[in-house]
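Enquirer: quick one: sequence plus predicted model below, questions after.
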Amino acid sequence: MNAYLILDLTINNFDIFREYIEKIPSFIKKHGGRYIVQGVEPEVMESDWSPDRVIVLEFPSKEKAKEFLGDPAAQSLFSIRHKSTTSKLILAEGCF
C-alpha cells in the first residue's frame, strides 16, 4: 500500500536550504519515492491552516518512507532542513 510523506514548511534561510533542494531528490528516488507535489504555494480552502509551501512524497510502502527518513546518509540533509526551515511532517498510508 502506498504511503505519503506530507511536509508543510516555511523556508527561513534559502541559502542554507538550497543544498537540501539539490541533494534530497536522489535519496527520495533511492527509496522508491517520487514527488507528487513539489514545494508549491497552496490555496487554503477551509480552516486557518496556512502553510507557505507543501511537499507530498509518495513511497511504495510505509516501510520505504520510514527507510528514507532513517537513511543514515541523508541525516545531514535533514539537519539542514531543520536548521533552515520551520516544518511539520506527517506520514499517511493510502487507501489502495
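Expert: Arrived safely, thanks for sending. Residues are numbered from 1 along each chain as shown.
Enquirer: how about the strands of this structure, start to end?
Expert: Here the chain has its strands, by DSSP state E, at 3-11, 34-40, 53-59, 85-93.
Enquirer: so can I have TSV of these showing distance to Phe68 and mean neighbour count?
Expert: Yep, even glycine has a C-beta here, placed from its N, CA and C like the rest. Formatted as TSV, the strands of the chain follow (distance: least, C-beta to C-beta, whole Å; neighbours: other C-beta atoms under 10 Å):
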stretch	distance to Phe68	mean neighbour count
strand 3-11	8	18
strand 34-40	11	13
strand 53-59	7	19
strand 85-93	10	13
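Enquirer: TSV for the ones you listed, including distance to Ile28?
Expert: Below are those laid out as TSV (distance: least, C-beta to C-beta, whole Å):
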stretch	distance to Ile28
strand 3-11	9
strand 34-40	7
strand 53-59	6
strand 85-93	13
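Enquirer: in this protein, where is pLDDT below threshold?
Expert: Along the chain, the model assigns pLDDT under 70 to no residue.
Enquirer: biggest helix in it, by residue count?
Expert: helix 14-30 (DSSP state H).
Enquirer: tell me what that helix is packed against?
Expert: strand 34-40, helix 62-70, helix 75-84 (3 or more C-beta pairs under 8 Å, 6 or more residues apart in numbering; DSSP states H and E).
Enquirer: now with 10 Å?
Expert: strand 3-11, strand 34-40, strand 53-59, helix 62-70, helix 75-84, strand 85-93 (3 or more C-beta pairs under 10 Å, 6 or more residues apart in numbering; DSSP states H and E).
Enquirer: looking at these, which is closest to Arg18?
Expert: For the helices and strands packed on helix 14-30, proximity to Arg18 was assessed by C-beta to C-beta; helix 75-84 is nearest, at 8.7 Å.
Enquirer: can you list the residues that contact that closest one?
Expert: Helix 75-84 has contacts (C-beta atoms under 10 Å, 6 or more residues apart in numbering) with 7, 9, 11-24, 26-27, 68-71, 87, 89.
Enquirer: since that was my last question, I'll sign off now.
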